[in-house]
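Chemist: this is the structure alone, sequence omitted:
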């Protein structure tokens, strides 16, 4: 949470991001813009898609 304090992550988002990274997950479905900004190594599906 310190590293991305400017993004104002919630604890739930920070934990989710840590788990996604630790488990080397390649695709994430989310409507949370933080995931697209922080998880650049993943394909984030659902954010800003219309």
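Modeler: Sure, I can see it. Predicted model only: the values in this text are computed from it and were never measured. Numbering: from 1, shown residues only.

Chemist: the least confident helix or strand in the chain by mean pLDDT: what's the following helix or strand?
Modeler: When the helices and strands of the chain are scored by mean pLDDT, DSSP states H and E, helix 33-38 comes last with a mean of 84. Downstream of helix 33-38, the first helix or strand assigned by DSSP states H and E is strand 43-45.

Chemist: in that next one, what's buried?
Modeler: Neighbour counts over strand 43-45 (16 or more other C-beta atoms under 10 Å) mark residue 44 as buried. C-betas here are computed from N, CA, C, even on glycine.

Chemist: parallel or antiparallel, list what pairs with it.
Modeler: With DSSP bridges as the test, strand 43-45 is paired with strand 27-29 (parallel).

Chemist: so what's the residue count around the nearest residue to residue 16 once chain neighbours are set aside?
Modeler: Of all residues not flanking residue 16 in the chain, residue 35 sits nearest, at 7.8 Å (C-beta to C-beta, 6 or more residues apart in numbering). Number of residues near residue 35 (other C-beta atoms under 10 Å) recorded here: 20.

Chemist: and residue 35, what does it touch?
Modeler: 13, 16-17, 28, 42, 44, 47 (C-beta atoms under 8 Å, 6 or more residues apart in numbering).

Chemist: now stretch 26-35, how far from the centre of its chain.
Modeler: 5 Å (C-alpha atoms, centre = their mean, to the nearest Å).
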